[in-house]
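Peer 1: structure, please.
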Amino acid sequence: MQVSPYPPGFPKRSPSVGLRQRRRDSSEIPLVDIGVQAGNGHLENLFEDDLSTPELLEPPALPSAKIDWEIPRKALHSSIGFLVLPLYFSRPEVAPIIEVLTYGLALVTAADVLRLNIGPFARLYEKFLGAFMRESEKKAINGVIWYLVGVIFVLKFYPRDVAVVSILILSWCDTAASTVGRAWGRYTPKLPRSFLFLPIAPRKSLAGALGAIVTGTLIAFSFWGWAVTPEYIPNETPAWHWAQGGWLGLVTLSLCSGLAGGITEALDIGGLDDNLTLPIISGGLIWGISRLISAVL
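Peer 2: Next up, the predicted model:
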C-alpha cells in the first residue's frame with residue numbers, strides 16, 4: 001500500500017500535467033530534480049509536488065507604489081510668485097486685482113462649503129482635485145481660501161512693494177522650507193517648541209528654517225536691489241529705495257526680511273494656516289523694518 005506524502009488533514013494539491021508525466025517516468029530516473037536519491041518514489045513526489053505548486057513558484061504581488069503629490073502641490077504653490085512679478089512691472093491698478101481675487105475667493109469658499117457638507121460633491125471634488133490636497137486637508141478648510149485671504153489682505157493694506165515681497169515670501173519661502181526640510185531636516189536638530197515666547201509648529205527643522213531665511217533674504221535683496229528702481233516704478237514711492245541707506249540699507253532690509261519670513265513660516269499661531277499668517281505677519285514686519293531703516297540711515 002502506497003503511503004501518502006501528506007500529513008493527515010493536509011489539503012492535497014492536484015498535480016500538473018507535467019508532474020503526472022514525470023511520475024509515470026519516475027521508474028526510469030533514479031534521481032529527482034533537486035538531486036535527492038528517490039527511494040520508493042514518495043520523497044520524489046513530495047518534493048516535486050511542492051516545488052511545482054504555482055503559488056510557491058510565483059512571487060507575491062507587490063503593492064502598488066503610492067504617488068507622492070507633494071512636488072506638484074509645491075509647484076502650484078510657487079507658481080503664484082512668477083505671476084506676481086510680471087503684474088508688478090506692468091503697473092496695473094490694485095483695486096481690479098483685489099476684485100478678481102475676491103470673486104475667486106467666493107467661488108472657492110462656496111465649493112468648500114459643498115465639499116464639507118455634501119458627500120457626492122466631496123467625492124467628485126476629490127476625484128479631480130484630491131491629488132493636490134493632503135489627507136489632513138480633506139476634512140478641513142481648503143488652504144487655497146487662506147492663501148487668497150492673505151494675498152487680498154496685503155494688497156489692500158500694505159504698500160505695493162511690500163505686498164509683492166510678502167506674496168513672494170508666501171510662494172517661495174514656504175516651498176523652500178518644506179523642500180529643504182524634507183531633504184536635509186533629518187541631519188539637523190528640530191526647532192524648539194517656542195522662540196521668544198512665540199509658539200513654533202511641531203516637526204519644524206533647523207534645515208527648513210534656514211532654507212526659508214536664505215530664500216527670503218534673496219527675495220528681498222533681488223527685489224529692492226533690482227526691481228525697485230526709477231525706471232520700473234515711475235510715479236510711485238516705495239517703502240524702501242536706494243537713497244535710504246544704499247548698500248547698508250539694502251543688506252539690512254534683506255537680512256531682516258529673510259529672518260521675518262523664516263521665523264513666521266515656523267510659527268504656529270493658534271493653529272492658523274500659514275498661507276494666512278505668513279504674508280500678513282512677514283509683510284507687517286518688513287514694512288515696519290523699512291520704516292525704521294528709512295528713519296535711521
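Peer 1: ok, now which ones touch residue 238?
Peer 2: Counting by Cβ atoms under 8 Å, 6 or more residues apart in numbering, residue 238 touches 159, 160, 161, 224, 228. (C-beta placed from N, C-alpha, C; glycine too.)
Peer 1: any chance of CSV for those, columns secondary structure?
Peer 2: Formatted as CSV, the contacts of residue 238 follow (DSSP: H, G, I helix; E, B strand; the rest coil):
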residue, secondary structure
159, coil
160, helix
161, helix
224, helix
228, coil
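Peer 1: and these, which is closest to residue 128?
Peer 2: residue 160 (35.3 Å; Cβ to Cβ).
Peer 1: could you measure from that closest one over to residue 171?
Peer 2: As judged by Cβ to Cβ, to the nearest Å, residue 160 and residue 171 stand 17 Å apart.
Peer 1: what does residue 238 give?
Peer 2: Using Cβ to Cβ, residue 238 is found at 20 Å from residue 171.
Peer 1: for the chain, what spans make up the helices?
Peer 2: Assigned by DSSP state H, the helices in the chain fall at 17-24, 42-52, 54-57, 70-90, 94-117, 119-129, 143-157, 160-168, 174-184, 206-222, 246-266, 274-296.
Peer 1: which one, of the ones you listed, ends up nearest to residue 137?
Peer 2: Of all those, helix 143-157 comes closest under Cβ to Cβ, at 6.1 Å.
Peer 1: got the angle for that closest one vs helix 70-90?
Peer 2: Put simply, helix 143-157 runs at 20 degrees to helix 70-90, going by axes from the mean of the first three to the mean of the last three Cα atoms, to 10 degrees.
Peer 1: go ahead and measure how far helix 143-157 is from the middle of the chain.
Peer 2: Counting by Cα atoms, centre = their mean, to the nearest Å, helix 143-157 is centred 20 Å from the centre of its parent chain.
Peer 1: buried sites along that helix?
Peer 2: By neighbour count with 16 or more other Cβ atoms under 10 Å, helix 143-157 contains the buried residues 143-155.
Peer 1: low pLDDT regions in the stretch 101-250 of the chain?
Peer 2: Low-confidence segments of the stretch 101-250 of the chain, defined by pLDDT under 70: 131-132, 230-234.
Peer 1: residue contacts, the residue nearest to residue 297 when sequence neighbours are not counted?
Peer 2: Of all residues not flanking residue 297 in the chain, residue 245 sits nearest, at 3.3 Å (Cβ to Cβ, 6 or more residues apart in numbering). By Cβ under 8 Å, 6+ apart, the contact set of residue 245 is 252, 293, 294, 297.
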